[in-house]
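Asker: What follows is a protein structure lacking sequence information:
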C-alpha cells in the first residue's frame, strides 16, 4: 500500500532531452496536423495582439481628433464603423482559431498516445511470466492508464502551448518596437523583474512543495500503518502515544504548508504590483512624450493594454513547468517498462511442427524461480504419446512448476525439455501452446459470456464446437440452466459462478482448442458439491482419452485412472510406477496416499487446516 | 449525530478571528483595485486637453499607490484565508485520527482501508480547497463585482447596462456548455475504467492469455477499448474546448460595445475620452471574477460532498467502549467463559462455549480453520464482545474493566503479525510507556528466541523494520510479536497460532522458556501443531464453534476422536518432512555461512508488515 507513495511520487527534472526526443518521436506520424497546429498558433497570436492595435487607431484616428475638433464629429462617427467591424472580425477569428487549434492539438496528443499505449500493451503481452510475478498488476495498470494520460496532457497542453507562449512573447515584443521604440525599451526593462520574480517564486515553491510532499507521504504512511494495525495499537494501549506522534507529523505538515502559503501570498500581489509599476512608468514617460507631441494617446493606451498580454506567457510558463515535470517522470517510467526485455523469446529460426504426436521428455531438468533456490532438481522422465500421467507430491514439491515448464512459461536452467524430440526452446511459443492445453488451478474467467470464455478470441471455433466442448466435459448441464445459456453474461473473475462451475468451464475451454497434450492442475479446491464433484471426475477421465495428459491430481479417482504416477519429493523425482506398484513400495507415495488421498476420502470434514 | 453543516461551522468557529481578518483584507484589496482606473482616465483627459507634466506624474503615482495598497491587502487576505483552511485541515485530521483510534475492530473489518485512507487524504483535501481558495475567491469575486459595478455606474449608466446585459451570456454559456461537458466527461471516465478493467483483466489472467496464445487478439481488444477512449476524449474536447473561446469572445464583445457606443458618446461630448478608457479598465477587472466563478462553484460542490463523506466517519460510533462504572480491580489472571455465544453477522461462530482457566493455568485450543479459535481469544481483550454469555476475568465481566486496564493485563500475539516501521526496539516496547533498555530487551529477546537473529542485524535492536530497514522473515516477525507481548509483563498471555512460521526446533526452545515466564501467568495458546499444545493443563478441541473434545493430551489420545486423528496425521507429515528438514537445515547453515545479507532481501510492501497465516 505504502508502495504507491514511492515510485509514483518521484519528481524528476522538468526537461530531459533524451526522453523528450523519444516522446516527440511519437508525433512523427502526425507531422501534417502538427504543422497545421503551429500555423494556426501563428495566426492566433496575431489575432490576440490585434485588438489593442485597433483600439489605438480607434482613438487616434476617430475619437481623439473628433473630440479635439481636428476632424468633424460626423467624420469621427463614420470612421468608428469600419474599425469596429475590424475589431469584431478579429474577435471572431481569434475564437475560431483558438477552438480549431485546441481540437487539433487534442487530436494529435490523443492519437499519438494511443499509439504509445497500444505499443506498451503489446510489449507487455510479449514479456515472460516471471516479469508478471515480479510486478504487481496495480503498478502495470498505473503505467498504462495514468502515466500515459500525463503524457497526453503534456502533448496537448504542454509542447504546443509553450511554443504558443514564446510566439506571443516574441510577437508583442516586435509590435511594441514598431509602435514606439523608446517606450518599448522601457517595457522590456520590466521584463527581467517579472522573470526574476517568477523564477525565484518557482524555486521557493519547488523546494517547499517537495517539503510538503515528503511530509504528506510520511503522514499517509503513518496513517495507513496505524489504520491497518489499529487492533495492535488498541491491544497494546498505544493510542495516546500514537496520537502524539500523529499530531507531530500533522503539525510538521502544517508548518511546511505555511511556508508555501507565505510564498504564494507574496507572489501574486508582487506580480500585480510590478505590472502596476510598469504601467506607471509607461504613463509617466509616455505622458512626457505625448505632452511634447511625440506620441499619440492611442499608442500610450496600446502599450498599457499589451502590458498584460506581455507578462502572461511568462507566468504561464511556470505553470507548464509542473505539467512537464510530471510528464517527464511518467515517460521515464513508461519507457523503462518498454525497454524491459522479454526473457523468453522465440529462436530466430524456430523448428516447424506440422503435426504433434505428444511425446514429452524431461532430461535432467533443474529449475529455480529465483537463482539458487531450486524448485526442481535433476528431474528426468519420459512420457510417451497418448500416455496419461499423474504427478503427486506434498505442497512445494515442484508439481506446478512442471506444468509451467512444459507450457514454456519459464525456461529451465539446466537440462532440457523435449516435445516429440525437439527442444522446447527451438520451437515457436505459439506452436508449443497450440498443441499444449492447460487447465489451471484457479480457473480464470474473463468478463464476457460463457461462450466467449470457452472460445476466447478464437473465431475459428464455431458455436457448435463450443457446445460440443461443453457437453464433452459435462459443463452443458449447468450452462443450460443459465438464463441465456451460452450467451449468459459472466462478470469479471466469474463471481456469479461456483468454483466447480468455473472448473468445468476451464475444461471446456481446454477441450475446445483440441490440444494433443493436456496439462491439468487439479489441486485441492474447497467446497465443490457432490453432484459437481461427480461431473468433474467424469470430465477428467474423458479429458485424458486419446491424448498425452499430465495431471497434478488431488482426487483418488484420478490417480487410479492414469497409466503411471510420478512422485515428486522436494523437487526430486522420488518414485515412479502405477498406483498398485507404488503402494507396495511403502515409500513416499504410500505416506502421501495415507495423508492426502485416503484421509481425504475417509474424513473429508476434519483436517488440520 | 451532527450534520456536516454543524461540523463545518464548529471548525470554522475555532479560527474565526483569522477568517475575519482575511475577509476584511480581501474586501479592502477589492476596493483599492477599482481606484487606479480613475487616475488613468484623468491622465488621458489631461493629455488630450492639455496638462502639466507634474500633474501626470502625480496622478500616475496615485495610481501606483493604490495598486500598492491592493497588493498589500491581497497578500494579507490570501495569507489569512489560506492559513485558516490549513488550520482547519490540521484540526480535522487530528480529530479524525483520534476518532478512528476509538473505533472497534469490527469497524475496520467492514471498512476498506483504502476507502478510509481516501477519505482522510482526498476528501480532507477537497474540504480544505473549499475553505481556502473557495471561500477566498467567493469573497474576492463578490467584492470585486460589487465595487466595479458601482464604479462603472458612476461613469456611465448606459454603458454599464449594456455590459451587464452581456455578462449573463457568460454564465449562460457556462451553464449550457457545462452541462454537456459534464455528461461527456462522465462518459470519458466510464471508458477510462473500462480501459483499466481491460488492462487489469489481461494482466491478472496473463497465464491463460499466454497458454491459449491469445496475445494478438488481446492487443486488438485493448486497442478497440483504447480507440473508444480516445474518441470520447476528443469528443469531450469538442465541447469543453468551446468554453474558453466563447468566454473571451463575449468579454471582447463587451469591450467592443463600450468602445463603439462610448466612442460615439465621447465624440458627441456625453463623456470624455478618459472616462471611456476608465470604463474599459473596469471591464478588464471583471474578467477574472467571471472566469473564477465556474471554478469556485466546482470547489464548493466537491468540498461539500467530501465533507459529507468525512461526516460519515464521525457519525460511526464505537461498539466497544469503557464501562460507565469501571471496576477497580487489579487483574490476577483467572479466565472464565460462561455459555459464550458469538455471531459474526448472521453466521454463528461460537456456540455455547464454557471453560475456566485458573490464574497461572494454561489452556490450549485446537481445531481446523474456521472452527472459531481466533474469535474465542478475541473476546478476552474485547476486540469483540460476546453476543451472549459472559467472559470473566477474576470473576468480573470483562465489560466492567476500563479498556486500557484490561488490555494492559493481556499480552496478545495475533495470528497475523503486524509490526510497525520503527526500530526493532520500539516494536518490542510497543505496549510500554517507556522504550525498553537493553537488559529487559535481551530478556524478552531470549524468551522469544529473537536475540540470535538480532545479532545479525546491522544495528541490533536499533535496526529499522520495514521497507526502510530490514525485511523480517515470517518466523522473525512472529518471534518479534512474541517478544512484544512478553515485554509487557502481562498477567495473561494469548498466543493465537503465533508460531506457524517458526520451525519446530525454535518453537520448542520458545515453549521451554515461555514455560518459565508463564509459571505464574495464565496462558491461552491457539495452535495447529500438537507439539505446541501437548503440555497444556487442558486442551479444547473446537469444531464448528463448539467444544467437541476437552482434556489433557493423553486423555484426548485415548478418546481416539478428532484430536487423535490430528495427531496421527501430523506424525505422518513429520515422517515425510524429516529428510527434507535435514536438507533444509543444511542449506540454511550453508547460506548463512556464505552470505548473511541475502536473508534480508528488501521487498516493496506495506508500511506495516502483514504476514498471512
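Answerer: Noted; the coordinates are in hand. Bear in mind that the values here come from a model prediction, so they are computed numbers and not experimental data.
Asker: the strands in the stretch 451-600 of chain A, which residues?
Answerer: For the stretch 451-600 of chain A, the strands defined by DSSP state E, counting those that start in this stretch cover A:489-490, A:517-521, A:548-552, A:564-569, A:572-577.
Asker: Pipe these into TSV and attach distance to residue A:145 and mean pLDDT per row.
Answerer: Where C-beta positions appear, they are placed from N, C-alpha and C, glycine not excepted. Putting those into TSV (distance: least, Cβ to Cβ, whole Å; pLDDT from 0 to 100) gives the following:
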stretch	distance to residue A:145	mean pLDDT
strand A:489-490	24	82
strand A:517-521	31	80
strand A:548-552	36	86
strand A:564-569	41	86
strand A:572-577	45	84
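Asker: and of those, who's closest to residue B:212?
Answerer: Closest to residue B:212 of those is strand A:517-521 (Cβ to Cβ; 12.4 Å).
Asker: Relative to the closest one, what are the paired strands and their orientations?
Answerer: In the sheet containing strand A:517-521, the strands it pairs with under DSSP bridges are strand A:436-439 (parallel), strand A:548-552 (parallel).
Asker: Distance-wise, check residue A:443 relative to residue A:202.
Answerer: As judged by Cβ to Cβ, to the nearest Å, residue A:443 and residue A:202 stand 55 Å apart.
Asker: follow-up on the earlier one: would a markdown table of the strands of the stretch 451-600 of chain A with distance to residue B:274 and mean neighbour count be doable?
Answerer: As requested, these are exported to a markdown table (distance: least, Cβ to Cβ, whole Å; neighbours: other Cβ atoms under 10 Å in any protein chain shown):
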| stretch | distance to residue B:274 | mean neighbour count |
| --- | --- | --- |
| strand A:489-490 | 73 | 17 |
| strand A:517-521 | 88 | 24 |
| strand A:548-552 | 93 | 25 |
| strand A:564-569 | 97 | 23 |
| strand A:572-577 | 100 | 17 |
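Asker: quick one: which of those strands is nearest residue B:175?
Answerer: Between residue B:175 and the strands of the stretch 451-600 of chain A, the tightest spacing by Cβ to Cβ is seen for strand A:489-490, at 38.6 Å.
Asker: Which secondary structure state is assigned to residue B:386?
Answerer: When classified by DSSP: H, G, I helix; E, B strand; the rest coil, residue B:386 comes out as coil.
Asker: so it makes contact with residue B:341?
Answerer: Yes. Using Cβ atoms under 8 Å, residue B:386 and residue B:341 qualify as a contacting pair, with a distance of 6.6 Å.
Asker: residue nearest the centroid of chain A?
Answerer: If you average the C-alpha coordinates of chain A and look for the closest C-alpha using Cα atoms, centre = their mean, you land on residue A:144, 1.8 Å from that point.
Asker: list the contacts for that one?
Answerer: Applying Cβ atoms under 8 Å, 6 or more residues apart in numbering or on different chains, one finds that residue A:144 lies in contact with A:117, A:120-121, A:124, B:199.
Asker: could those residues go into TSV alongside secondary structure and distance to residue B:263?
Answerer: Shown next, in TSV, are those (DSSP: H, G, I helix; E, B strand; the rest coil; distance: Cβ to Cβ, whole Å):
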residue	secondary structure	distance to residue B:263
A:117	helix	54
A:120	helix	59
A:121	helix	60
A:124	helix	65
B:199	helix	60
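Asker: Any chance of these in TSV with distance to residue B:499, neighbour count and pLDDT as columns?
Answerer: Supplementary listing: the contacts of residue A:144 in TSV, determined by distance: Cβ to Cβ, whole Å; neighbours: other Cβ atoms under 10 Å in any protein chain shown; pLDDT from 0 to 100:
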residue	distance to residue B:499	neighbour count	pLDDT
A:117	49	26	92
A:120	46	21	92
A:121	45	24	92
A:124	41	26	90
B:199	41	24	87
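Asker: between these, which is closest to residue A:220?
Answerer: Checking the contacts of residue A:144 against residue A:220 with Cβ to Cβ, the nearest one is residue B:199 at 25.3 Å.
Asker: From chain A, how far off is the closest one?
Answerer: Summarising the geometry, the distance separating residue B:199 from chain A, computed by Cβ to the nearest Cβ, to the nearest Å, is 5 Å.
Asker: for residue B:572, same thing?
Answerer: 5 Å.
Asker: Can you check what pLDDT the model gives that residue?
Answerer: pLDDT, residue B:572: 75.
Asker: so it touches residue A:590, yeah?
Answerer: No. With contacts counted by Cβ under 8 Å, residue B:572 stays clear of residue A:590, the gap being 9.9 Å.
Asker: hmm, back to that, next one, pLDDT for the residue nearest to the centre of chain A please.
Answerer: Residue A:144 carries a pLDDT score of 88 in this model.
Asker: any idea how far residue A:344 is from it?
Answerer: Separation of residue A:144 from residue A:344 (Cβ to Cβ) stands at 21 Å.
Asker: Determine the three-state secondary structure at residue 380.
Answerer: Going with chain A. Here residue A:380 is recorded as strand under three-state DSSP.
Asker: Please refer instead to chain B.
Answerer: Remark: residue B:380 carries the secondary structure label coil [criterion: three-state DSSP].
Asker: coming back round to it: so for residue A:443 and residue A:202, which residue has more residues nearby?
Answerer: residue A:443 (24 against 19; other Cβ atoms under 10 Å in any protein chain shown).
Asker: ok, the residue nearest to the more buried one when sequence neighbours are not counted to residue B:154 distance?
Answerer: With sequence-adjacent residues excluded and distances taken as Cβ to Cβ, 6 or more residues apart in numbering or on different chains, residue A:443 is closest to residue A:506, at 3.5 Å. Distance from residue A:506 to residue B:154, counting by Cβ to Cβ: 81 Å.
Asker: Have a look at those two and say which one is more surrounded.
Answerer: More crowded of residue A:506 and residue B:154, by other Cβ under 10 Å: residue A:506, with 26 against 14.
Asker: Tell me if I'm right that residue B:537 and residue B:550 touch.
Answerer: No. Proximity of residue B:537 to residue B:550 does not meet the contact threshold set by Cβ under 8 Å, at 11.1 Å.
Asker: higher neighbour count, these two?
Answerer: Set side by side, residue B:537 and residue B:550 give different neighbour counts by other Cβ under 10 Å, the larger being at residue B:550 (17 against 13).
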